[in-house]
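>>> when you get a sec, could you give me coordinates for this:
(chains A, B, C and D, ligands or ions: 5)
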Amino acid sequence: MAQYHQFDALVVGAGGAGLMAALYASKSVNTAVISKLYPTRSHTGAAQGGISAALGNMEPDKWEWHAYDTVKGGDFLSDQDAVDILCKEAVEAVIDLEHMGLPFDRTADGKISQRRFGGHSNNETKQPVQRACHAADRTGHMILQTLYQQCIKNNVRFFDEFQMIDMIVIDGTCRGVVAVELKTGEIHVFHAKAVMLATGGFGKMWKISSNAHSLTGDGPSVALRCGLPLQDMEFYQFHPTGIYKMGILLSEAARGEGAIFINDKGERFMERYAPTMKDLASRDVCSRSIYKEVRAGNGIGGKDYVYLDFRPERINKYFEADGNPRRVDAEYIEKRLPDIIEFVRVYMGIDPITEPVPIQPTAHYAMGGIPTDLDARVLLDENGAIVHGLYAAGEAACVSVHGANRLGTNSLVDLIVFGRRGGKKMAEFAKQTEFLPISQEVHKPAEAMLNGIRNNDGKEHPGQIRKELQLHMDEHVGVFRTKQGLEAALEEIRGLKERYKRIHIDDKGVQWNTDLMEAWELGCLLDLAEVTAISALARQESRGGHYREDFPDRDDKNFLKHTNVWSDNHMSYKPVRMGRYQPTERKY
Amino acid sequence: MSMIPTPVIADNNPYRARYLANQKMKPRNAFERVAWQFMRYSGLALVFLALSHWGLQHLINSVHDLTLDATISRWGIAGQTATLEIWFWRAYYAVLLGLAMMHGLNGLRQVLYDYFHYRPLYWGFMVLSTVLIVFVSVAGLAVLLLGVNAAATGAAVVR
Amino acid sequence: MGTLLTILRESLRYKGREAQWLWLFHRVSGLGILFYLLIHVFDMSLAYFNVPIHEEMIALFKTPLFSVLELAMAALLIYHAVNGVRVAILDLRPELWVHQQKVTRLSLMVTAILTAPTVVIMLIYTFNANFGHVATAITH
Amino acid sequence: MKVHFKIKRFNPEKDKKSYWGEYDVEAEESDRVLDALQTVKWEIDGTLNFRRSCAHGICGSDAMRINGRNSLACKLLIRDAVQGGKIVVEPILGLPVIKDLIVDMEPFFAHYRAVMPYLINDTEPGERERLQSPEERARFDDSTKCILCACCTTSCPSFWVRGDYVGPAAIVQAHRFIFDSRDQGAAKRLDVLGEPEGVWRCRTVFNCSEVCPRDIQVTQAIGEVKAALITGRID
Ligand SMILES: Cc1cc2nc3c(=O)[nH]c(=O)nc-3n(C[C@H](O)[C@H](O)[C@H](O)COP(=O)(O)OP(=O)(O)OC[C@H]3O[C@@H](n4cnc5c(N)ncnc54)[C@H](O)[C@@H]3O)c2cc1C
Ligand code: HEM
Ligand code: SF4
Ligand code: F3S
Ligand code: FES
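Residues are numbered from 1 along each chain as shown, chains lettered A, B, ... in the order given. Ligands and ions are numbered 1, 2, ... in the order given. I've put the predicted structure just below:
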């Protein structure tokens, strides 16, 4: 018999989004968090560069400008009411974080320090604006730590190293989740009035990826299996600056501080692709430009990478060329970007202060996910009906503020703004409703599924399937996509799904069986890969992170709309909620 | 024993508000702090005391010179009035003895605390070693401060 | 008790840096000195309580076996003193730990420099006492 | 290159005692030790269990004892780890082993919670941020870097012999708040750290400082807390 727990509000996932929601929900209702990792291990801690909010601490700034940059960055696919909320509440939310104790870097007069970041501009002068609030290059780490600290202070109940494997959705209402306690292998049923999915991204379906091993899209795929749609799955962001071959991220903050891309000929090639913002153009633009250089034979030594150069003398040279009066020295760079400099030293064995760094685009961030409304309530269909008691926030969700391409720093804003709104709403909802009944047997399907994997005696090896999946995704569902490629990928993925049914794992045990859990996670990745490829195939245009070589232009007439896709692979579209900003050509 | 001393702070000290808020709070337990400091201060004193004693007994003189006479010349004879020199030696050795024993006892406590987690066992050892150390120290102090007791031999010491 | 032994064994297997071994030896030497000190003070106290036993023990300390133990004692005491000073200084200035190799070498050197002549002199005394003629030949 | 891995294995469901698992792995010199462990798990023996997540030294999941010394498997490269063609991997010391390289982290986090690792300040902060000068911010910068990996605490002889010791990681966390000019809970934390299981059990062994993957000056932080306890001043 499974163990049984009851909570008013239950948050699945302890990253920035989950903890923010838990913190706010716990202020008034009995709240618990389950997480397959210890909360401080969540990938929010990897976020480096910063969190944007129009505080105007360094220079004039307005939240409306932030909103415009976000919409433009999202290639006009963002829902503009959500973007307004995001950018307006960002200011308050960042101050909130500071009050919780987050150790932001400071200006000389003691305020939160801000820096430039890709795609963020002063709308009047069109010049980059200093909007990203930061704590060295460990902003995400500090956010995660601070939120966890506050949750401890507020006595939030944590179930650490519990992995959700199923959700209880009956008659369009969510009544809880089923989870495995990793240590004992026991099944637990969490009965709740309000459940939030904040399980983060799914970048592990690509090989070259900045994402953690744990980012396997558990939340979205469980939602998918429960009959809910996923939105805008074709929009996946490839960050231009991953360490060559490893994918470890070098934050855009490097370019915010002045670093530039150079190709084999030593040219600053971004001048050609984005004459105004240059190296600080949005990520999709930079990633494509890098690959265009590579295709033109300008990759370093003819290979598939270019250099990111943050040698101080080079930065100063380009500042001078741009007429920028700033100058930097080695000490300043070391102080502002300590972690990424260390990454380069440790993992590449070179010193970025004296040598340029080989980089290549790396799979980074899912713009798509579980569709929600402005209060993080999960949507049942394209008409806006909601699933009662179910919420989603963070990278697992799609509000959608990021549209077709997320601006740097906006994810952290998304986490705290919509995490907070969701948390408040959950508490409100939980106070108004009673627990809905669940049967004694709710955990049976999940249990059977796990046992099915455990006891399956096929010949296929999950490690092999994962490897092949990642290769196909890198090859065909990456920065550049074509009809043929996507069709090939879809076929491969479906083949892998068939093979997945005949897998075999080595560890038949119960306690701490990572072999089993990884095999289960692989199932999630396969499901999500399939809907990603389907959505990408259907979108016959290029927009933001989704670039179709056979349809290189944006097509607002036919595709200014969000994709919804279900597990049976049927699709539908819903309109983008427009506002002040009408689509224009996107130039940086 | 005084706990955290009340800090003296200037009005413009940015930490002032924190000090004021903190003043009410004082560590409940200062024992370990005092013990820690004592280990360092007594250790420093022992560098001079213990090493000079060792030098005196083993380098300038040697064990082989250690006779009852030599002892008597340091600590005197029980019942006889002591000279100033004897009082100097008595004081020197009393301080050395006291510090070394306390230092050693606390050191032993640290070690026992580390390795014996079963409380009765730890306390058993502690009581035993404290009794032993106090007993030996008192005995040592007796000969130091009272002088050599020739009578304890049952015969006069003639040499 | 079983776990205690495991922990002790595993701590010896951990590859700590110099300071870990210096600490372990500090502990051992401290206990050694305490043990010696107790016997020594007990013996001396007998000069008040029972002179014959006192004298017998002194005689025992003069045998070659105890002379060797005494040498070890000297080394332990000097090591403990020097290392104690090292620890106290590092407690005040922990940032100096990056020099731990140098500091270790230094404190071992000081220990050696202080111990070596001590040992030589004490050996001479021992020889002197046990084979007086040899020592006389040396000193003359 | 070929590397011979010796990994301490233990399965609570099968084994009474731990044993050594031996594996030959093909790895690049510039690979992480974690990559090689993944190769073992994915290609040789799926029953091997260890924690990992970010794979680049920022989540703190994969602290283990590699060739006798604590390290994050994802932050140590094969070429730096390998000794005589061999790499020995064991769980970190001082916490109960659950399975293979996975230890029970609960005692560690209990110590963490004991030092009240959160900002304590009951004054009304107002609409905007609390002000803090760059110097005040720099005062506690080092200890904000901690990722709670437990490398330090489980390298400390005082912790091995007695797990009640709060341990360097918790002290670093306390330090992060004690020296934050916005915090007002210093005295409460010093109260906890002044207890017998607090800072005084640190014997200045420096194993902690040496293994911290974030290069935090751990012993220095401990020293500063000791100084604060002795002088009653926190500056
Ligand atoms: C290297 C890197 C750098 C980045 N830098 C920035 C930046 O500078 N600015 C910015 O705005 N954004 C940045 N991002 C993006 C941003 O950090 C992430 O999108 C964001 O942190 C996601 O947060 P989250 O709360 O949604 O999920 P995560 O932080 O990923 O947390 C997911 C949580 O869900 C739990 N979980 C997952 N599955 C399950 C399950 N089945 N059962 C139970 N629990 C589960 C996990 O344990 C974890 O606690 C960066 C991302 C990366 C990878
Ligand atoms: C000669 C000068 C001496 C100095 C400078 C000195 C210094 C110290 C210091 C600083 C410590 C504390 C170590 C720590 O807390 O980690 C210590 C511990 C100790 N000392 Fe001494 N000491 C001296 C002499 C002695 C003597 C004479 C004895 C025996 C009676 C002794 C026995 C011990 C013991 C048993 C410990 C505990 C060791 C431990 O906890 O690991 N010391 N000493
Ligand atoms: S102080 Fe360093 S070693 Fe210790 S837990 Fe924090 S990051 Fe890990
Ligand atoms: S290893 Fe331990 S003894 Fe102190 S200096 Fe570090 S906490
Ligand atoms: S896997 Fe995250 S620190 Fe090693």
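>>> so the lowest-mean-pLDDT helix or strand in chain D, near chain B or not?
Least confident helix or strand of chain D, by mean pLDDT, DSSP states H and E, is helix D:186-193 with a mean of 88. Yes: contact of helix D:186-193 with chain B (C-beta under 8 Å from any C-beta of the partner chain) involves D:186-188, D:190-191. Placement of C-beta: from N, CA and C, glycine included.
>>> and the helix or strand following that helix, what does it pack onto?
Using DSSP states H and E, the helix or strand that follows helix D:186-193 in sequence is helix D:207-211. Helix D:207-211 sits against strand D:69-72, helix D:218-231, with contacts defined as 3 or more C-beta pairs under 8 Å, 6 or more residues apart in numbering or on different chains; DSSP states H and E.
>>> in a markdown table: those, plus distance to ligand 2, mean pLDDT and mean neighbour count.
Formatted as a markdown table, the helices and strands packed on helix D:207-211 follow (distance: least, C-beta to the nearest ligand atom, whole Å; pLDDT from 0 to 100; neighbours: other C-beta atoms under 10 Å in any protein chain shown):
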| stretch | distance to ligand 2 | mean pLDDT | mean neighbour count |
| --- | --- | --- | --- |
| strand D:69-72 | 21 | 96 | 24 |
| helix D:218-231 | 11 | 92 | 23 |
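>>> taking the stretch 251-400 of chain A, what residue is nearest to chain C?
Residue nearest to chain C within the stretch 251-400 of chain A: A:Glu342 (17.3 Å; C-beta to the nearest C-beta).
>>> how would you label that residue: helix, strand or coil?
helix (DSSP: H, G, I helix; E, B strand; the rest coil).
>>> how much space is there between it and D:Cys54?
Using C-beta to C-beta, to the nearest Å, A:Glu342 is found at 14 Å from D:Cys54.
>>> A:Ala396 too?
Taken as C-beta to C-beta, the span from A:Ala396 to D:Cys54 is 18 Å.
>>> neighbour count: these two, which is higher?
A:Ala396 (32 against 27; other C-beta atoms under 10 Å in any protein chain shown).
>>> next up, the contacts around the more buried one.
Taking C-beta atoms under 8 Å, 6 or more residues apart in numbering or on different chains, we find A:Ala396 in contact with A:13, A:17, A:197-201, A:217, A:219-220, A:366, A:369-370.
>>> name the nearest residue to A:Gln511, sequence neighbours excluded.
A:Gly185 (5.0 Å; C-beta to C-beta, 6 or more residues apart in numbering or on different chains).
>>> residues in contact with the one you found?
A:509-513.
>>> can you name the residue of chain C nearest to chain A?
C:Val98 (17.3 Å).
>>> returning to that earlier point: which among the contacts of A:Ala396 gets closest to A:Glu271?
A:Ala366 (30.6 Å; C-beta to C-beta).
>>> residue contacts, the nearest residue to that closest one once chain neighbours are set aside?
Take A:Ala366 and drop its neighbours on the chain: the residue closest to it by C-beta to C-beta, 6+ apart is A:Gly201, 4.8 Å away. A:Gly201 is in contact with A:43, A:211, A:215, A:217, A:365-366, A:395-396, counting by C-beta under 8 Å, 6+ apart.
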